[in-house]
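[1] Need coordinates for the following:
(one chain, ligands or ions: 3)
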Amino acid sequence: MRFARFFCSRFSPFKMAKYNLVFVLGPPGSGKGTQCSKIVENFGYVHLSAGDLLRAERNNPGSQYGEMIEDYIKNGLIVPVEITCKLLERAMKDSGKMSFLIDGFPRNEDNLQGWNKQCGEKVNLHFVLFFDCSLETCTERILARGAAGSGRVDDNKESLKKRFDTYMNSTMPIISHYESLGLVRKLDASRSPDEIFKDVKELFSKIN
Ligand SMILES: Nc1ncnc2c1ncn2[C@@H]1O[C@H](COP(=O)(O)OP(=O)(O)OP(=O)(O)O)[C@@H](O)[C@H]1O
Ligand SMILES: Nc1ccn([C@H]2C[C@H](O)[C@@H](COP(=O)(O)O)O2)c(=O)n1
Ligand SMILES: [Mg+2]
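    Ligands and ions are numbered 1, 2, ... in the order given. Coordinates of the predicted model:
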């Protein structure tokens, strides 16, 4: 079965197997990464965080985008989709796998349009997992993560305000868009990680 999927996705001109996908969205600090790790352990998905891929690209000395990405991240702005989409596509191909959690994407209209144009046909989107959490709780979590030495240039009050503005103005409309398509699965992310994961598990059990 795995060989058949691999063969179709790489070589057959007739039947291309589609990637299985779940988008994971929610405000900064809502626990997207934390829950994705648990999903990987329990359901064997590959976790691709758009933010992590951009940070890795920024740290790559050969990258022509390093400085630009650093600037966008510090200011809580969303990097142009051509860059992010290329990183995501490459990571998906390189993994050799077919099922992905795409964390922190699509984050604005540019992300959404670019993704639909470049990758829309190649994927089967199961749903959008939305971790709903108050900005007060998210602030506490992010500032604690910064104080504990996350090393992230945007885990501070100043950057966080900008990240929240971007979330409210640019990401919420994307979540509403998917809601209108009936694809959003909203969970209360203010609870403990284990409590949240009970609900997450139920959703993923239904896919498989
Ligand atoms: N349910 C939870 N309750 C309390 N703390 C949590 C919970 N989930 C995650 N955390 C902690 O909050 C911080 C942010 O979590 P995480 O990195 O998973 O969030 P995120 O949504 O991926 O954030 P970002 O958008 O900044 O990447 C981490 O320090 C994590 O350990
Ligand atoms: N689709 C994306 C995702 C992330 N970024 C940049 C801007 C974000 O503030 C930063 C950190 O993301 P996080 O790790 O908090 O998910 O990365 C982007 O430009 N586009
Ligand atoms: Mg994260």
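[2] before we move on, what SS does Leu21 have?
    With DSSP: H, G, I helix; E, B strand; the rest coil as the basis, Leu21 sits in strand.
[3] contacting residues around it?
    By Cβ atoms under 8 Å, 6 or more residues apart in numbering, the residues touching Leu21 are 99-100, 102, 123-126. All C-beta spots, glycine's among them, are computed from the backbone N, C-alpha and C.
[4] surely Lys97 meets Val46?
    Yes - using Cβ atoms under 8 Å, Lys97 is in contact with Val46, at 4.9 Å.
[5] Count residues in the vicinity of Glu41, would you?
    Residues near Glu41, counting by other Cβ atoms under 10 Å, number 10.
[6] Phi first, then psi, for it.
    phi -60, psi -40 (degrees, to the nearest 10).
[7] Can you check the pLDDT for it?
    The confidence metric pLDDT takes the value 98 at Glu41.
[8] Distance check, it against Leu101.
    For Glu41, the distance to Leu101 equals 12 Å [Cβ to Cβ, to the nearest Å].
[9] same question, Thr171
    From Thr171 across to Leu101, the span is 17 Å (Cβ to Cβ).
[10] ditto for Lys161
    28 Å.
[11] more crowded one of these two?
    Legend: neighbour count by other Cβ under 10 Å for Lys161 and Leu101, higher for Leu101 (24 against 13).
[12] just checking, what packs against the helix or strand hosting that one?
    Element membership for Leu101, per DSSP states H and E: strand 99-103. Strand 99-103 sits against strand 19-25, helix 32-43, strand 46-49, helix 50-59, with contacts defined as 3 or more Cβ pairs under 8 Å, 6 or more residues apart in numbering; DSSP states H and E.
[13] Can you tell me the closest non-neighbouring residue to Glu82?
    Once flanking residues are discounted, Glu82 sits nearest to Gly114: 6.6 Å by Cβ to Cβ, 6 or more residues apart in numbering.
[14] right, quick check: the helix or strand harbouring that neighbour against ligand 2, any contact?
    Using DSSP H and E, Gly114 maps to helix 109-118. Yes - using Cβ under 6 Å from any ligand atom, we find that helix 109-118 touches ligand 2 at Asn111.
[15] now the angle between strand 99-103 and that helix, please.
    160 degrees (axes from the mean of the first three to the mean of the last three Cα atoms, to 10 degrees).
[16] Close to ligand 2: what parts of this structure are there?
    By Cβ under 6 Å from any ligand atom, the residues of the chain that approach ligand 2 are 28, 49-51, 54, 72-73, 76, 78-79, 84, 104-105, 107, 111, 154, 163.
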